[in-house]
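Q: Just a sequence and a predicted model for now, questions to come.
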Amino acid sequence: MAIDYRSDLQEATRAIAPHGFDVVLDLVGGPALDNALTVMAKDGRVTSIADSRARDQFGGQFVWLRPSTADLRTVAELAASRELRTDIGGVYRFDQFRSAFDAFEARETRGQTIIEFG
């Protein structure tokens, strides 16, 4: 579930996961990472693409991403030629997020679960 980092994170997540999230993906870093840790379950894990403290201080993962135009062009060409494919397990509207998550959690899908926005 994506949550606007500018909102009250604890309040926004309490109704969704009262005991915290098993996995938190931080895309912002800094204070947003600190806030994200407050909504993590007791044995939860954190991964960040923006803040190495996820790894260095919190025992999680830090993934450094540096996409290049050439790499993105290659991925687009592979996808267009159908050499790069992925199975789509289901496509859900954003208002169907709970159903998508339930299907994923119950392992009822095979492949990627896609949530459409807008």
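A: Structure received. Numbering: from 1, shown residues only.
Q: need the strands for this protein, in chain order.
A: Counting by DSSP state E, the chain has strands at residues 21-26, 40-48, 61-62, 88-93, 112-116.
Q: Export the ones you listed as CSV, with columns for mean neighbour count.
A: (Each C-beta comes from the backbone N, C-alpha and C, glycine too.) CSV is the format used below for the strands of the chain (neighbours: other CB atoms under 10 Å):
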stretch, mean neighbour count
strand 21-26, 17
strand 40-48, 16
strand 61-62, 16
strand 88-93, 14
strand 112-116, 13
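Q: Reformat these as JSON lines; add distance to residue 75 and mean pLDDT.
A: Shown next, in JSON lines, are the strands of the chain (distance: least, CB to CB, whole Å; pLDDT from 0 to 100):
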{"stretch": "strand 21-26", "distance to residue 75": "21", "mean pLDDT": "88"}
{"stretch": "strand 40-48", "distance to residue 75": "21", "mean pLDDT": "90"}
{"stretch": "strand 61-62", "distance to residue 75": "22", "mean pLDDT": "90"}
{"stretch": "strand 88-93", "distance to residue 75": "17", "mean pLDDT": "89"}
{"stretch": "strand 112-116", "distance to residue 75": "15", "mean pLDDT": "86"}
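Q: Please tabulate those strands in TSV, including the columns distance to residue 72.
A: Formatted as TSV, the entries for those read as follows, by distance: least, CB to CB, whole Å:
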stretch	distance to residue 72
strand 21-26	21
strand 40-48	22
strand 61-62	22
strand 88-93	21
strand 112-116	19
